[in-house]
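Chemist: Prediction below, plus the sequence it came from.
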Amino acid sequence: MYRYVFRRCLGALLVMWAVATLVFFMLRVVPGDPFAAMTFDAGDAQSIAALKDKLGYGQPVVVQYGKWLWHAVQGDLGNSIYGSRVPVNGMIAEAFPRTLSLATLSFLLALVIAIPAGLIAATRRNTPLDHGVTLVAFLGLSMPDFWLAILLIIFFAAGLQWLPAIGYAPLSDGFWPWLSHLIIPAVAAGTAFSAIIARMLRSALIEVLQTDYMRTARAKGLGARALLLGQALPNALIPVITVMGIAFALLMSSTVIVENVCAIKGLGRLLIQSILNRDYPAVQGAILVVSAIFVFSNLAVDLLYGLIDPRIRYVK
Amino acid sequence: MAALLEIRDLGVEFRTPAGVVKAVNGVSFDVGRGEVVALVGESGSGKSVTALSVLQLIAQPPGRIAGGRVLFEGCDLLALDEAAIRHVRGRRIAMVFQEPMTSLNPVLSIGRQMTEALRLHLGLSAAAARQRAVALLDQVGIAEPQRRLRQYPHQLSGGMRQRVMIAMALSCEPELIIADEPTTALDVTIQAQILEIMQDLCRRLGVALLIITHNLGIVARYADRVNVMYAGRIVESGPAAALYRRPAHPYTVGLLNSVPRLDRPRGRPLEPIPGSPPDLHLLPAGCAFAPRCSLAEAPCRIAPPPLRALGDGQASACFEVERLLAGVPA
């Protein structure tokens, strides 16, 4: 088990390195020179070169890469090339809790809706209730999250004035300010995932409910609740957990648009702004964090499998 | 005294895209206390559906009980609601299923699956249920029961899983165990062990046993009485010994002739029944076996023959039974 986790962690680091390297060189290839932009495209070649030298980008790209990697391994992701040259570590440290709060809340919200919905749809298969759940799920799936966010803002923030429209409040400001700022973006970002998880759970449960062991359990005299929650659900959750892992990783990295609509300066927004500005170290740092989230969510899912399915044991 | 289980004129239908299928059509038979009764037939003959109907375990829809009664100590099980039938399931009538590989929940420990019914029906504490589970596993011949309780189904062999199923079925001291093809999925050597255990325990504990099987060898060795099913009907019934000595339905004769036997000359070819079982969507108006029967006459094709008593507890649903018994080759 520990060896397995160790091996997987090594693999994760390898993936992160590969992603970082790819991003590093791709960034240099894409058109748009931040240094030219910083001189307002008015600078001559000489002053641009001087600026590059000053910021440490005058050397060959390979040397820059080596330096960046050397510092990154030690936990230093460099400084932004703009303004007061804020450390990237600080930028991420500021953005990460926001995205983590948003993603966690969206994820929990998605589960709280999806699991009962999936259970109901599967057990009341082909009834109006099932069709209703399916319809709502498709609605949720086909609504773009930014549009849903705008609707929610119009209705709950501008109209009813129950919730703040935009922005973020850290947990240190109190629970309600924190939560109230996150409800709209969390609903907007979580709805689609909720729909996916509900649909997955429904189909997995329908399959499980027809198995021989469910018949055995029924023949034992178990009641509906024990059958569904005690016998069927643990089996049905196995495929659903994969989707949940992906959902969480996606929520951590792809709430870009919702973060923009709701003006939350999270990772997604940091990433977008850095890319638009060609702020090399910031992009690399943000991508590194996102790739870490991905590989480690996957690892968490695989370990969860082992907990829920005794047939999977990581012995090697 | 009335029998423990009396099935009377049971009919079960399934709605399929091709129409309604009568999987079980007017089946009646009894199981007495402590008796071992076999229900024999090919796949699709309706024997498993009959067994599942007893505890209302047919999925409805697409299945539907079309008629009849299943009396258990005089109480009609088909009339019970879900809450009431649950007190019968596992407690008074237990089941052992065909596929030990898939009949146990793969993600729950053996201990959890064994103690569930004990705690539910007998109200035992977790510790007491566990203790009883250990004793039960010991009874069905599983070594190191303590350790096995902590294991999961995939860590047990097929034979062992079926022993667990039997232990589970016995756990609440039911009056009847319905075993649906209990040994079909097992190796021949294991089959005998499992059946010996089942027979031995049922005899000792006075539990009646209804064995659903297509294996006539099992019937000959273990059953007191036999009911032969074909296309949803019982075509012959009687004491096991009589049925072997003097089969009274051409289908039973065909079944016996198609089984290899050691008391026949070597090299003699088996005599399979010509044709194949009927499509239940398109049952003939008369005897369902008539298209495959060499004795069939005109009346056989008009109406299905009723089950008629022949004496000695034997009964046959064949118009031509006299010719059959007189030795006209089937």
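Modeler: Yes, it's here.
Chemist: remind me which residues of the chain are low pLDDT?
Modeler: If you meant another chain, say so; for now it's chain A. A:37-43, A:254, A:313-316 (pLDDT under 70).
Chemist: not what I meant, chain B
Modeler: B:1, B:264, B:328-330.
Chemist: residue ranges for the helices of it, please.
Modeler: B:47-54, B:82-88, B:110-122, B:126-139, B:145-150, B:158-170, B:188-205, B:216-222, B:240-245, B:250-257, B:321-325 (DSSP state H).
Chemist: Please identify the buried residues of the last one?
Modeler: Applying a neighbour-count criterion of 16 or more other CB atoms under 10 Å in any protein chain shown, the buried positions in helix B:321-325 are B:321, B:324. From N, CA and C alone the C-beta is placed, and that goes for glycine too.
Chemist: circling back to that earlier point, compare the helices of chain B and report which one is nearest to residue A:137.
Modeler: Distances from residue A:137 to each of the helices of chain B were compared using CB to CB; the minimum, 29.0 Å, belongs to helix B:82-88.
Chemist: Now tell me what touches the closest one from outside.
Modeler: Outside helix B:82-88, the residues within contact range by CB atoms under 8 Å, 6 or more residues apart in numbering or on different chains are A:221, A:222, A:223, A:224, B:55, B:56, B:72, B:77, B:80, B:121.
Chemist: Select, from those, the two members most distant in space.
Modeler: The widest separation within the contacts of helix B:82-88 (CB to CB) is 22.5 Å, between A:224 and B:72.
Chemist: Those two: who's more crowded?
Modeler: residue B:72 (21 against 12; other CB atoms under 10 Å in any protein chain shown).
Chemist: Got phi/psi on residue B:268?
Modeler: phi -70, psi 130 (degrees, to the nearest 10).
Chemist: Give the burial count for it, as a bare number.
Modeler: 9.
Chemist: Tell me which stretches of the stretch 201-316 of chain A form helices.
Modeler: Remark: helices assigned in the stretch 201-316 of chain A by DSSP state H, counting those that start in this stretch are A:212-219, A:224-225, A:233-253, A:256-261, A:267-277, A:280-308.
Chemist: Take these and lay them out in TSV including distance to chain B.
Modeler: Shown next, in TSV, are the helices of the stretch 201-316 of chain A (distance: least, CB to the nearest CB, whole Å):
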stretch	distance to chain B
helix A:212-219	4
helix A:224-225	8
helix A:233-253	5
helix A:256-261	36
helix A:267-277	36
helix A:280-308	7
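Chemist: Residue B:227 is nearest to which of the ones you listed?
Modeler: That would be helix A:212-219 among the helices of the stretch 201-316 of chain A, by CB to CB, at 21.3 Å.
Chemist: what does the stretch 1-150 of chain B have sitting close to chain A?
Modeler: Within the stretch 1-150 of chain B, the positions adjacent to chain A are B:55, B:57, B:82, B:86-91, B:94-95, B:97, B:99, B:102-109, B:116-117, B:120-121 by CB under 8 Å from any CB of the partner chain.
Chemist: Just the buried residues of those residues.
Modeler: Applying 16+ other CB under 10 Å to the residues of the stretch 1-150 of chain B next to chain A flags B:55, B:57, B:86, B:88-91, B:94-95, B:97, B:99, B:102-109, B:116-117, B:120-121 as buried.
Chemist: Can you tell me the element the closest residue to chain B within the stretch 1-150 of chain A falls in?
Modeler: Here the stretch 1-150 of chain A gets closest to chain B at one residue, residue A:126, 9.5 Å apart by CB to the nearest CB. Using DSSP states H and E, residue A:126 sits in no helix or strand.
Chemist: give me every residue that touches it.
Modeler: Contacts of residue A:126 (CB under 8 Å, 6+ apart): none.
Chemist: can you check residue A:140 too?
Modeler: Counting by CB under 8 Å, 6+ apart, residue A:140 has contacts A:191, A:192, A:194, A:195.
Chemist: Flag every buried residue along the one helix or strand it maps to.
Modeler: Assigning secondary structure by DSSP H and E places residue A:140 in helix A:128-142. Buried residues in helix A:128-142, counted by 16+ other CB under 10 Å: A:130, A:133, A:134, A:136, A:137, A:140.
Chemist: ok, which stretches of the stretch 51-200 of chain A are helices?
Modeler: Under DSSP H, counting those that start in this stretch, the stretch 51-200 of chain A gives helices at A:61-73, A:88-123, A:128-142, A:145-152, A:175-209.
Chemist: Might you name the residue of the stretch 151-300 of chain B sitting closest to chain A?
Modeler: For the stretch 151-300 of chain B, CB to the nearest CB, closest residue to chain A: residue B:152, 4.1 Å.
Chemist: any idea how far the closest residue to that residue other than its chain neighbours is from residue B:9?
Modeler: The spatially closest residue to residue B:152, leaving aside those adjacent along the chain, is residue A:310, at 4.1 Å (CB to CB, 6 or more residues apart in numbering or on different chains). Counting by CB to CB, to the nearest Å, the gap from residue A:310 to residue B:9 is 46 Å.
Chemist: more neighbours, these two?
Modeler: residue A:310 (16 against 12).
Chemist: sorry, back to before: put together JSON lines for the helices of the stretch 201-316 of chain A, with distance to residue A:168 on each row.
Modeler: Formatted as JSON lines, these follow (distance: least, CB to CB, whole Å):
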{"stretch": "helix A:212-219", "distance to residue A:168": "46"}
{"stretch": "helix A:224-225", "distance to residue A:168": "40"}
{"stretch": "helix A:233-253", "distance to residue A:168": "16"}
{"stretch": "helix A:256-261", "distance to residue A:168": "9"}
{"stretch": "helix A:267-277", "distance to residue A:168": "10"}
{"stretch": "helix A:280-308", "distance to residue A:168": "17"}
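Chemist: Would you mind splitting chain A into its domains for me?
Modeler: A:16-88, A:94-308 (automatic domain parsing).
Chemist: Quickly compare those domains and say which is most buried.
Modeler: Most buried of those, by mean neighbour count (mean count of other CB atoms under 10 Å in any protein chain shown): domain A:94-308, with a mean of 19.
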